[in-house]
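**Q** build me a model:
(one chain, ligands or ions: 3)
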Amino acid sequence: MHEYNEQQLPRHIAIVMDGNGRWAKRRRLPRIAGHRAGVEIAREIIKNCGEKGVEVLTLFAFSTENWRRPPQEIRALMDLFLRSLQKEANKLQENNVQLRFIGNYQAFEPKLRDKIEEVQALTKHNTGLKLIIAANYGGHWDIVHATQQLAQLVESGKIAAKDINHELFAQHLSMADLPDPDLFIRTSGEQRISNFLNWQIAYTELYFTDVLWPDFKIANLEEALHYYATRQRRFGCTSEQLEVVA
Ligand code: IPE
Ligand code: IPE
Ligand code: MG
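**A** Ligands and ions are numbered 1, 2, ... in the order given. Coordinates of the predicted model:
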């Protein structure tokens, strides 16, 4: 297997944690048992990314489309989010993790929304891993939200329409202060984006694995990191140009 060195470690990893339902179904368990097992795995991966020195880890927890699921599954997921936050907040704090949410979490019930805000405030000044949870997040939502903010700036005369360029637009998206993801991982064999960080993954390396999220081990993360280390990121240049610089 290709070894990787510290310089080849992605600064930002984004994961679509998929396959919880199928994992549970194979065990004849209710879907929520899969989500619960998924939270355990997320905890391991968060810890390991922190130890490795990854700067940012973004986890897709609930998409704007997941509201289409049966109400009892949504309710169980919301309960699980709340309980996980209650349980993990102090651990995150001890481990110097900065927890942030992206997405329209204002739409969640007040108890969950308040807890999110409380944990964000608690961990705000931590200098270790930046853990971003995408909750009620959609790439389309992100782009529309940025557009609304820019439109307001134009409307109030603070900027002119022609001032809108790539940089200004990106400044109004989620995680504007953070580097874009270097590595995107999706588990469970699906090879699609499902409305996750559409803008931000323009040049991200994509890694897909058949492993279901509750079965995803540190060894699977290592595999993804090895894969990443073999990639030559050209950003539109030719290989020859990059070899000259290297
Ligand atoms: C991902 O697992 C978790 C969420 C979307 C909340 P799924 O629940 O989508 O699992 P599958 O795809 O049905 O197996
Ligand atoms: C994407 O998974 C969302 C999360 C992992 C939270 P889905 O399981 O909802 O995606 P689709 O519907 O299969 O594309
Ligand atoms: Mg799924």
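
**Q** in the protein, which residue sits nearest ligand 1?
**A** Proximity of the chain to ligand 1 (Cβ to the nearest ligand atom) peaks at Gly21, 2.6 Å away. Bear in mind the C-beta positions are built from the backbone N, C-alpha and C, glycine included.

**Q** quick check: that residue is in a strand.
**A** No: assessed with DSSP: H, G, I helix; E, B strand; the rest coil, Gly21 is helix; it does not lie in a strand.

**Q** mind checking how far it is from Pro70?
**A** Separation of Gly21 from Pro70 (Cβ to Cβ, to the nearest Å) stands at 11 Å.

**Q** where in this protein is pLDDT low?
**A** Scanning the chain with the threshold set as pLDDT under 70 gives 1-2, 245-246.

**Q** the helices in the protein, which residues?
**A** Assignment of helices within the chain using DSSP state H yields the ranges 20-26, 31-52, 71-94, 110-123, 139-155, 166-171, 218-229, 239-245.

**Q** ligand 2 is nearest to which of those helices?
**A** Taking Cβ to the nearest ligand atom, helix 20-26 is the member of the helices of the chain nearest to ligand 2, at 7.6 Å.

**Q** if you count neighbours, what's buried in that closest one?
**A** Across helix 20-26, burial judged by 16 or more other Cβ atoms under 10 Å covers 20-24.

**Q** one more: stretch 39-47?
**A** By 16+ other Cβ under 10 Å, the buried positions in stretch 39-47 come out as 39, 41-42, 45-46.

**Q** count of neighbours near the residue nearest to Val39 when sequence neighbours are not counted?
**A** Of all residues not flanking Val39 in the chain, Ser84 sits nearest, at 5.3 Å (Cβ to Cβ, 6 or more residues apart in numbering). Neighbours of Ser84 under the rule other Cβ atoms under 10 Å: 19.

**Q** I'd like the numbering to begin with 13 instead of 1 from here.
**A** Sounds good: first residue 13 from here, last item Ser96.

**Q** is Ser96 in contact with Arg48, as I believe?
**A** No: the pair Ser96 and Arg48 fails to qualify as a contact (Cβ atoms under 8 Å) at a distance of 9.2 Å.

**Q** common neighbours of these two, please.
**A** Taking Cβ atoms under 8 Å, 6 or more residues apart in numbering as the contact rule, Ser96 and Arg48 touch no residue in common.

**Q** give me the phi and psi for Lys170.
**A** The phi and psi values for Lys170, taken as degrees, to the nearest 10, are phi -70, psi -30.

**Q** if I pick the residue most central in space within the chain, what's in contact with it?
**A** Centroid-nearest residue in the chain: Thr70, 2.4 Å away (criterion: Cα atoms, centre = their mean). Residues near Thr70 by Cβ under 8 Å, 6+ apart: 24-27, 114, 144-146, 187, 193, 209.

**Q** same thing but 10 Å
**A** With contacts defined as Cβ atoms under 10 Å, 6 or more residues apart in numbering, Thr70 is in contact with 24-28, 112, 114, 142-146, 149, 186-187, 190, 193, 196, 208-209, 212.

**Q** Asp30 too?
**A** Shown in contact with Asp30 (Cβ under 10 Å, 6+ apart): 50, 72, 197-202, 204, 206, 220, 224-225, 228.

**Q** from Leu141, how far out is it?
**A** 22 Å.

**Q** let me see the contact set for the closest residue to ligand 2 within the chain.
**A** Residue of the chain nearest ligand 2, by Cβ to the nearest ligand atom: Ser206 (3.7 Å). Residues near Ser206 by Cβ under 10 Å, 6+ apart: 28, 30, 72, 75, 77-78, 150-151, 198.

**Q** Gln98 now?
**A** Contacts for Gln98 (Cβ under 10 Å, 6+ apart) come out as 127, 130-131.
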